[in-house]
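Asker: Quick check, what structure comes out for this input:
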Amino acid sequence: MNTFAYSSNPLTSSVQPLHGPMKYGYTTKTAELFRAHMDPNGHNNAAPGRVVRLDRNRVLVASGDGLLHLPYPAHSVVPATGDWVWVGHNAAGEPAVVEVLPRHPALSRKRAFEASSEEQILGSNVDIVAVVVPVDRPLTHNRLERTLVAAWDSGATPLVVITKADLADLADDVVGEVILQAAGVDVVTTSAEHGDGLDELMNHIPAGSTLVLLGPSGAGKSTLINALVGRDVQQTGAVRAGDGKGKHTTTSRELVPLPGGAVLMDTPGVRGFGLFDADDGMEEMFGDLDQLFARCRFADCAHQAEPGCAVQDALADGSLDPRRWASYLKLQRELAALARKHDAAARRAYQREWHQKVVSAERGQRAAERYRHDQAEERSGKNGKRRKR
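Answerer: All right, here's what the predicted structure looks like:
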């Protein structure tokens, strides 16, 4: 049974030293976050912790005294990997997560089934989102763009990590394509097997920061983690030669401490990445298109057949890649469809309000017609009386 106790809250006084999971990114800045969000329920001896992994029935939390398997909080936000939490005691006196602190930044996506419009938190309090691109399979442009959009939108710093550079003769071509497509994002080329590029990658992960790896199954994420840590902490599996797909050797999101004080979050292979409320990310990823929109002759240009459309001119002269434009339109349609699903209740309320306005207008029109009819009959009656005289 896990035991957890503190003689006093380590954050109640600024003169007390840090007492938190320093191997998992706990810094002076994090301590200030805890001070700003003191346990609102007044749990005695509550102390800082960070969610390392979510299991079926328990939450693995790193505290200043080590790792604890704790029950899910009964009256709080459902935790996510990377969350900073207050760890105290529940009503039975057992160690438990008693409060989840606000998340920033948080990487999320639309839940992975078509009918859903719900958000899924992939990682909380991440500083760098590394999109893993293996060179031993064809580059999926739309997938890379949508993942970078989500990375920008999270508030973290995007990064592209190319893996398995030693396995393909076309590595230089893939790197060139990625650099062109991910304009404004740093690209690091690595070979975990040969140790190439690891120092450069570590330079992007300063002490106290958290990096999350995103990529398909078999992209080499677990092998890369083992190389960065310096020992086998993640299971690795072979990739099928027929379709380039790998087994899901990582089955849950988990924090892994790195030498030097940084933290890495591994994630299971992501087959699809549905965007969720990513307007800021779209602006960052497709900022060049916004500049084109501003040059159109008409402010409400639909960018189709209107005269003076800067988008169509750019497509015609080759300065805008048709694939990039098609990708932008696809992502915008996806976000619009999600917004309609997400705002279904608001849409129904609007429809009810509109129906009431129509009914009221019809009533008003019928009343006006009756009034005009009555006025006409009244005038007709008065004219008849005058003629009789």
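Asker: Give me the secondary structure label for residue 376.
Answerer: helix (DSSP: H, G, I helix; E, B strand; the rest coil).
Asker: Residue 50 belongs to a strand?
Answerer: Yes. Checked against three-state DSSP, residue 50 lies within a strand.
Asker: can you pull up the bridge partners for it?
Answerer: When assigned by DSSP bridges, residue 50 has beta-bridge partners residue 62, residue 84.
Asker: Skip the chain neighbours and tell me the closest residue to residue 29.
Answerer: Spatial nearest neighbour of residue 29, excluding adjacent residues (CB to CB, 6 or more residues apart in numbering): residue 208 at 7.5 Å. In short, each C-beta sits where N, CA and C put it, glycine included.
Asker: Check the gap between the one you found and residue 262 for me.
Answerer: Distance, residue 208 to residue 262, using CB to CB, to the nearest Å: 7 Å.
Asker: for residue 374, same thing?
Answerer: Distance check for residue 374 against residue 262: by CB to CB, it reads 83 Å.
Asker: In terms of neighbours, single out the busier of the two.
Answerer: Using other CB atoms under 10 Å as the criterion, residue 374 and residue 262 rank with residue 262 on top: 21 against 10.
Asker: How about the more buried one, nearest residue that isn't a chain neighbour?
Answerer: Nearest to residue 262 is residue 205, by CB to CB, 6+ apart, at 4.2 Å.
Asker: Tell me if the one you found really is in a strand.
Answerer: No. Assigned with three-state DSSP, residue 205 falls outside any strand and is coil.
Asker: Run a quick neighbour tally on it.
Answerer: 21.
Asker: same deal with the one 3 residues further on?
Answerer: Other residues near residue 208 come to 18 when the count uses other CB under 10 Å.
Asker: going forward, begin numbering at 246 instead of 1
Answerer: Renumbered: residue one is now 246, and that last one reads residue 453.
Asker: give the contact list for it.
Answerer: 270, 272, 274, 275, 506, 507 (CB atoms under 8 Å, 6 or more residues apart in numbering).
Asker: Now which of those would you call buried?
Answerer: Buried residues within these, defined by neighbour count using 16 or more other CB atoms under 10 Å: 270, 275, 506, 507.
Asker: Pull the most distant pair out of the residues you listed.
Answerer: 275 and 507 (13.6 Å; CB to CB).
Asker: where along the stretch 496-634 of the chain do the strands fall?
Answerer: 499-502, 508-511 (DSSP state E, counting those that start in this stretch).
Asker: and the first one, what does it pack onto?
Answerer: In this case it means strand 499-502. Applying 3 or more CB pairs under 8 Å, 6 or more residues apart in numbering; DSSP states H and E, one finds that strand 499-502 contacts strand 292-299, helix 466-474, strand 508-511.
Asker: Out of those, which is closest to residue 374?
Answerer: Nearest of those (CB to CB): strand 508-511, 9.6 Å.
Asker: Please name the strands paired to that closest one in the sheet, noting orientation.
Answerer: Here, using DSSP bridges, strand 508-511 pairs with strand 455-459 (parallel), strand 499-502 (antiparallel).
Asker: In JSON lines: those, plus mean neighbour count, mean pLDDT and distance to residue 333.
Answerer: Formatted as JSON lines, the strands paired with strand 508-511 follow (neighbours: other CB atoms under 10 Å; pLDDT from 0 to 100; distance: least, CB to CB, whole Å):
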{"stretch": "strand 455-459", "mean neighbour count": "26", "mean pLDDT": "91", "distance to residue 333": "24"}
{"stretch": "strand 499-502", "mean neighbour count": "21", "mean pLDDT": "93", "distance to residue 333": "21"}
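Asker: would a markdown table of these with distance to residue 342 be doable?
Answerer: A markdown table is the format used below for those (distance: least, CB to CB, whole Å):
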| stretch | distance to residue 342 |
| --- | --- |
| strand 455-459 | 19 |
| strand 499-502 | 15 |
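Asker: Would you mind saying which of these lies nearest residue 381?
Answerer: Closest among the strands paired with strand 508-511, using CB to CB: strand 455-459, at 17.0 Å.
Asker: element containing residue 333, please.
Answerer: strand 329-334 (DSSP states H and E).
Asker: got it, and residue 432?
Answerer: Residue 432 belongs to strand 431-434, assigned by DSSP H and E.
Asker: Run through the neighbouring helices and strands of that strand.
Answerer: Strand 431-434 packs on strand 402-408, helix 416-426, going by 3+ CB pairs under 8 Å, 6+ apart.
Asker: Against which helices or strands is the first one packed?
Answerer: Pointing back at strand 402-408 there. Using 3+ CB pairs under 8 Å, 6+ apart, strand 402-408 is in contact with strand 373-379, helix 386-399, helix 416-426, strand 431-434, helix 466-474.
Asker: any idea of the angle it forms with helix 466-474?
Answerer: 100 degrees (axes from the mean of the first three to the mean of the last three CA atoms, to 10 degrees).
Asker: Kindly report the same for the longest one.
Answerer: In terms of direction (the same axes, to 10 degrees), helix 416-426 departs from helix 466-474 by 90 degrees.
Asker: How about residues contacting helix 416-426?
Answerer: Among residues not part of helix 416-426, those counted as contacts by CB under 8 Å, 6+ apart are 378, 380, 384, 386, 389-390, 405, 407, 410, 413, 432, 434, 569.
Asker: quick one: the helices in this protein?
Answerer: 273-281, 386-399, 416-426, 443-448, 466-474, 524-530, 532-539, 555-562, 567-587, 589-633 (DSSP state H).
Asker: and stretch 460-473, how far apart are its ends?
Answerer: 17 Å (CA to CA, to the nearest Å).
Asker: Give me the mean pLDDT for it.
Answerer: Mean pLDDT, stretch 460-473: 85.
Asker: Buried ones in that stretch, by neighbour count?
Answerer: Applying 16+ other CB under 10 Å to stretch 460-473 flags 460-473 as buried.
Asker: Compare the strands paired with strand 508-511 and give me the one nearest residue 557.
Answerer: strand 455-459 (34.2 Å).
Asker: Could you give the number of residues near the spatially closest residue to residue 405 that is not a sequence neighbour?
Answerer: Take residue 405 and drop its neighbours on the chain: the residue closest to it by CB to CB, 6+ apart is residue 432, 4.5 Å away. Neighbourhood size, residue 432 [other CB under 10 Å]: 16.
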